[in-house]
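S.K.: what would the 3D arrangement of this be:
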Amino acid sequence: MKRWIVFLTKRLLALPVSLFIVVTFSFMLVAFMPGDPARVIAGGLASEERLNEIRRELGLDKPVLERYADYIADVARGDLGESYLRGRPITFYIGRYLPNTIELMIVFFVLSIPFGLLIGTVGAYYALLLPDKIARTTITVFQSIPDWLFGLLMIYVFFYLLGWAPAPVGRLGFVETFPDRRTGFLLIDTLLSRDLELFQSALAHLALPGLTGGVIYSAYFARTTRTALAEALHSPQIEFARACGLPERTVLRYAFTVARTPILTYGAILMGYMFGGVAIVEIVFTWRGFGQWSLESLMNLDLPAIQGFIIVVGAASLLVYILLDLLIMALDPRIDVK
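M.R.: Numbering: from 1, shown residues only. Next up is the predicted model:
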């Protein structure tokens, strides 16, 4: 219990510093980004006088250090600013779009973890044999296909050819009405509204983009699983277990015990990577999510929105790594997480 208290104390004390670094990085990255938001807002034909007026309204005419101090003070109060293009607070758009993306990422994880573990385990256990060659070929193929291309192939096969999936027009069909927003998560909100037909439609629209991301990311997870498990299967402790005549099922379980730390670590890294990749899937399937919103903001130089995206992703990554350390400590008390 004492080591848990010490660990949590260290992490909680370091968290404000880590968040400060994330906020500073978000400001610096955007402050020195090429392009002029005022020209994007006003249009290419705007006069220089009009451009200067917009810069004053947005505070872009102030020195960088003064803007940085104002930004830190605003973030400390929970104020991430307002969108240059849409005029509403950034927190409004985070609350509106982030649940859509989390819903999609959960499906990615639910599908990619078991598929990745299965393919990676087969490849590691039958190393250099035919099953391993098939596993490695499968991994290479799906890692080589861009997310957008695989999404389009899924739409062509399951919607256009087979007719199994609904049209990729978003989270619901054109003529369907969204339920009252209670949690922001569509599946939960449809259940709370007791509309089973709408729930089935939401689930059907979620299936294809979820399967697209799940298959793509399972390939990345499978490669890490295969590498870590293959190394574990040739470790001294596993060789000793086999020499003792233990069943192969038991040997494989011991190998997973040895390999679980790198596998879990990559799972946490993969979650951060998903925040970038999910935007492509959202665009292909017209899924109005956090990733698509951030890409649109980047294309339009909506600086507060870009900064808000970086802060959310950075804070989420810090939280995931803390939970990862706690999980590793719980699974293996011998490990001393600094």
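S.K.: tell me the gap between the host helix or strand of A69 and the middle of its chain.
M.R.: Element membership for A69, per DSSP states H and E: helix 64-76. Offset of helix 64-76 from its chain centre (CA atoms, centre = their mean, to the nearest Å): 28 Å.
S.K.: which other helices and strands contact that helix?
M.R.: helix 2-31 (3 or more CB pairs under 8 Å, 6 or more residues apart in numbering; DSSP states H and E). C-betas here are computed from N, CA, C, even on glycine.
S.K.: so how far is the helix it packs on off the chain centroid?
M.R.: In terms of CA atoms, centre = their mean, the centre of helix 2-31 is set 20 Å apart from its chain centre.
S.K.: I would like the residues contacting the next helix or strand after that helix, please.
M.R.: Note on helix 2-31: by DSSP H and E, the next helix or strand toward the C-terminus is helix 37-42. Contact with helix 37-42 is made by 46, 50-52, 54-55, 58, 60, 84-85, 300-303, as judged by CB atoms under 8 Å, 6 or more residues apart in numbering.
S.K.: now do stretch 93-103
M.R.: Taking CB under 8 Å, 6+ apart as the rule, stretch 93-103 contacts 80, 83, 86, 171, 183-187, 206, 275, 278, 282, 287-293, 305, 308, 312.
S.K.: switch the cut-off to 7 Å
M.R.: With contact meaning CB atoms under 7 Å, 6 or more residues apart in numbering, stretch 93-103 is reached by 83, 171, 184-187, 278, 287-291, 293, 305, 308, 312.
S.K.: of all these, which comes closest to I119?
M.R.: Nearest to I119 out of those is V278 (CB to CB; 21.5 Å).
S.K.: quickly find the element holding the residue lying closest to that closest one once chain neighbours are set aside.
M.R.: Distances taken as CB to CB, 6 or more residues apart in numbering place G291 nearest to V278, at 4.5 Å, with adjacent residues excluded. According to DSSP H and E, G291 maps onto helix 290-299.
S.K.: quick one: the worst-scoring helix or strand of the chain on mean pLDDT to chain centroid distance?
M.R.: Between all helices and strands in the chain, the lowest mean by mean pLDDT, DSSP states H and E belongs to helix 37-42, at a mean of 78. Centre-to-centre, helix 37-42 and its host chain are 30 Å apart (CA atoms, centre = their mean).
S.K.: right, and the helix or strand after that helix?
M.R.: Once the chain leaves helix 37-42, the next helix or strand it forms, by DSSP H and E, is helix 48-58.
S.K.: what angle sits between that next one and helix 64-76?
M.R.: 40 degrees (axes from the mean of the first three to the mean of the last three CA atoms, to 10 degrees).
S.K.: which parts of helix 48-58 are buried?
M.R.: Within helix 48-58, the residues that count as buried by 16 or more other CB atoms under 10 Å are 51, 54-55, 58.
S.K.: now stretch 270-277
M.R.: Neighbour count says stretch 270-277 has 270-271, 274-275, 277 buried, by 16+ other CB under 10 Å.
S.K.: which stretches of the chain have low pLDDT?
M.R.: Regions of the chain meeting the criterion pLDDT under 70 cover residues 1, 3, 333-338.
S.K.: how does it divide into domains?
M.R.: 1-85+304-338, 91-299 (automatic domain parsing).
S.K.: secondary structure class of L211, three-state.
M.R.: With DSSP: H, G, I helix; E, B strand; the rest coil as the basis, L211 sits in helix.
S.K.: before we move on, the earlier item: pick the most deeply packed of the domains of the chain.
M.R.: domain 91-299 (a mean of 17; mean count of other CB atoms under 10 Å).
S.K.: gap between the two ends of it?
M.R.: 20 Å (CA to CA, to the nearest Å).
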